[in-house]
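S.K.: predicted model and sequence follow; I will ask about them next.
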Amino acid sequence: MGRLSGPLDPTADAGWTDEHPRRVGFFTDTSICIGCKACEVACKEWNHVPEDGLNWTGQSYDNTGALGASTWRHVAFVEQPRPLGDQVSGVTRADLGMPAVRSAAEVRAASRDGSGQARADAGGAGTAGPGAQVLDGGGLLDLAGGSRGPSAGLAEVPDTHPGSGGVLDMALAGQVPAGEVSAGHVPAGQVSAGVAERPDFRWLMSSDVCKHCTHAACLDVCPTGALFRTEFGTVVVQGDVCNGCGYCVPACPYGVIERREGPKGDAAVGTAQKCTLCYDRLAVDETPACAKACPTQSIQFGPLDELRERAAARVDQLHDAGVPDARLYGESPGDGVGGAGAFFLLLDDPEVYGLPPDPQVCTAELPAMYRSMGLAALGLLAGVVAAFAGRRR
Ligand code: SF4
Ligand code: SF4
Ligand code: SF4
């Protein structure tokens, strides 16, 4: 066990006193992650990590949910109702002519009035209100689009669900000639008329992994030496030395390491598992499998000091480009784990991505606790000695 807190060179501290390679790690730039999960797949392929249950979480396209014994890379999908920086989002504003849902009342008003203008008024010119997305009783399928005939495209849709039903508006607003107002048509310039407003929306995607902490609590508390610091400054668990005590599991401030569950006899069941930063690949000067597979270079591998410089420049670039929320997470040697070997560029608060905002290595307070225990023991001893001395008198 090395020093328990404060910045340092963990490799030298772990006893690699001879010349050793530079400390390496990951800089994950989440602003260019596309959520393809090539990293997850490459990790499983290379390390023979079994599948982790192909479950539909029902919350997003994230099917793994979190890091675990059989998920050493996890791509988080966060859906947010807001734009990314200066980006203009929302289908109606982009004028892609996509279909949208209108209320039956709007379409009935339009067909009574016989004009596209009435449709616009029914929904509020330029913005169909929130009610426009509600499917109310009965329904009309409006397939009118572009210069197709007036109201010819309005057709009743059987109300198969009492109390619901509604209108599918296939009007291609952007294709209507300027000045032409008729049922089923929308005048040019009124792009939103009759088309339900869609909210701003963005995906945040982030490929999470073991942080290979400078002060790694998992390693500090391991009683068997199964967890060790490599010559590259990374943290690796040896399955054949692990006795499955599980002390490392609650010690990790990020919830990364876990014991593998499964039928007895299956590979590594009962032992602690996590990312090894592809120790076997590093040994032969190869890039870790996940970084190699990433098509956008969201996962960047290299010497940690170089990665920190690159990351700082990238944050400046994003700020200049109108993304003021861009920030680094885990890169500071002054943080609660002495700086992570795998750090991130985030576009929102860490909690949004499921990361702790202020992680602390649980062993940081051990020296102070030992000092307090020593003082208490000395006080007790002094009391016992005084009691014996008083008896003799
Ligand atoms: S404490 Fe957690 S995040 Fe840090 S090296 Fe250990 S398992 Fe990885
Ligand atoms: S470094 Fe290797 S073990 Fe770690 S997540 Fe990437 S592929 Fe998996
Ligand atoms: S980090 Fe790279 S490989 Fe992984 S999901 Fe994102 S873009 Fe794909």
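M.R.: Structure's in. What do you need? Only a predicted model underlies this, so the values are computations on that prediction, with no experimental measurement involved. Ligands and ions are numbered 1, 2, ... in the order given.
S.K.: isn't there a helix covering residue 319?
M.R.: Yes - under the criterion used here (DSSP: H, G, I helix; E, B strand; the rest coil), residue 319 sits inside a helix.
S.K.: just checking, it touches residue 328?
M.R.: No - contact between residue 319 and residue 328 fails when scored by Cβ atoms under 8 Å: they sit 11.9 Å apart. Just so you know, the C-beta spots here come from the backbone N, C-alpha and C atoms, and that holds for glycine as well.
S.K.: so between those two, which is more surrounded?
M.R.: For residue 319 versus residue 328, neighbours defined as other Cβ atoms under 10 Å are more numerous around residue 328 (17 against 14).
S.K.: which secondary structure state does the more buried one sit in?
M.R.: Remark: residue 328 carries the secondary structure label strand [criterion: three-state DSSP].
S.K.: what residues are up against residue 267?
M.R.: Remark: with contacts taken as Cβ atoms under 8 Å, 6 or more residues apart in numbering, residue 267 is in contact with 48, 50.
S.K.: can you tell me how far it is from residue 69?
M.R.: Distance of residue 267 to residue 69, given as Cβ to Cβ, to the nearest Å: 11 Å.
S.K.: how about residue 205?
M.R.: When residue 205 is compared with residue 69 (using Cβ to Cβ), they lie 23 Å apart.
S.K.: identify the residues contacting whichever residue of the stretch 1-150 of the chain sits closest to ligand 1.
M.R.: The shortest separation between the stretch 1-150 of the chain and ligand 1 is 9.0 Å, found at residue 67 (distances taken as Cβ to the nearest ligand atom). Shown here is residue 67, whose contacts under the criterion Cβ under 8 Å, 6+ apart are 73, 74, 208, 209, 210, 254, 255, 256, 258, 274.
S.K.: these two touch, right, the last one and residue 259?
M.R.: By that I understand residue 274. No - look at residue 274 against residue 259 with Cβ under 8 Å: they stay out of range, at 10.5 Å.
S.K.: neighbour count winner among those two?
M.R.: Between residue 274 and residue 259, residue 274 has the larger neighbour count (other Cβ under 10 Å), namely 23 against 18.
S.K.: confidence score at the more buried one?
M.R.: Residue 274 is assigned 97 on the pLDDT scale.
S.K.: next one: residue 80
M.R.: pLDDT, read off for residue 80, is 86.
S.K.: just give me the neighbour total for the spatially closest residue to residue 347 that is not a sequence neighbour.
M.R.: Leaving aside its sequence neighbours, residue 347 sits nearest to residue 325 (Cβ to Cβ, 6 or more residues apart in numbering; 5.4 Å). When neighbours are defined as other Cβ under 10 Å, residue 325 has 13 of them.
S.K.: same deal with residue 17?
M.R.: Around residue 17 there are 9 other residues, counting by other Cβ under 10 Å.
S.K.: repeat for the one 10 residues further on
M.R.: Burial measure for residue 27: 26 neighbouring residues, criterion other Cβ under 10 Å.
S.K.: contact partners for it?
M.R.: Taking Cβ under 8 Å, 6+ apart as the definition of contact, the neighbours of residue 27 are 300, 302, 307, 308, 310, 311, 331, 343, 344, 345.
S.K.: which phi and psi does it have?
M.R.: Per-residue torsions, residue 27: phi -110, psi 110 (degrees, to the nearest 10).
S.K.: grab the nearest non-local neighbour of the residue of the stretch 1-150 of the chain found nearest ligand 2.
M.R.: Nearest to ligand 2 in the stretch 1-150 of the chain, going by Cβ to the nearest ligand atom, is residue 43, at a distance of 3.1 Å. Using Cβ to Cβ, 6+ apart and skipping the chain neighbours, the partner closest in space to residue 43 is residue 73 (4.5 Å).
S.K.: so the one you found touches residue 40, yeah?
M.R.: Yes - here residue 73 lies in contact with residue 40, judged by Cβ under 8 Å, at a distance of 4.7 Å.
S.K.: between the two, which contacts overlap?
M.R.: Here residue 73 and residue 40 have 207, 290 as joint contacts, going by Cβ under 8 Å, 6+ apart.
S.K.: the two: who's more crowded?
M.R.: For residue 73 versus residue 40, neighbours defined as other Cβ under 10 Å are more numerous around residue 73 (27 against 21).
S.K.: and the gap between the more buried one and ligand 3?
M.R.: As judged by Cβ to the nearest ligand atom, to the nearest Å, residue 73 and ligand 3 stand 7 Å apart.
S.K.: and that residue, what pLDDT?
M.R.: At residue 73, the pLDDT value in this model is 97.
S.K.: for it, give me its contacts.
M.R.: Contact analysis of residue 73 by Cβ under 8 Å, 6+ apart lists 39, 40, 43, 67, 207, 208, 209, 275, 290.
S.K.: equivalent analysis for residue 69, please.
M.R.: 258, 259, 260, 261, 268, 272, 273, 274.
S.K.: tell me the bridge partners for the first one.
M.R.: The bridge-partner assignment for residue 258, based on DSSP bridges, gives residue 273.
S.K.: which positions in the stretch 151-300 of the chain make contact with ligand 1?
M.R.: Residues of the stretch 151-300 of the chain lying close to ligand 1 (Cβ under 6 Å from any ligand atom) are 210-213, 216-218, 235, 252, 254, 256-257, 274.
S.K.: look up the residues forming beta bridges with the residue of the stretch 51-200 of the chain found nearest ligand 3.
M.R.: When distances are taken as Cβ to the nearest ligand atom, the stretch 51-200 of the chain reaches nearest to ligand 3 at residue 75, 4.4 Å away. Assessed by DSSP bridges, residue 75 has beta-bridge partners residue 207.
S.K.: please begin residue numbering at 42 from this point
M.R.: With the count now opening at 42, the last piece we talked about shows up as residue 116.
S.K.: give the burial count for it, as a bare number.
M.R.: As a burial measure, the neighbour count of residue 116 was computed by other Cβ under 10 Å and equals 23.
S.K.: surely it meets residue 247?
M.R.: Yes - in this structure residue 116 lies within contact range of residue 247 using Cβ under 8 Å: 7.1 Å.
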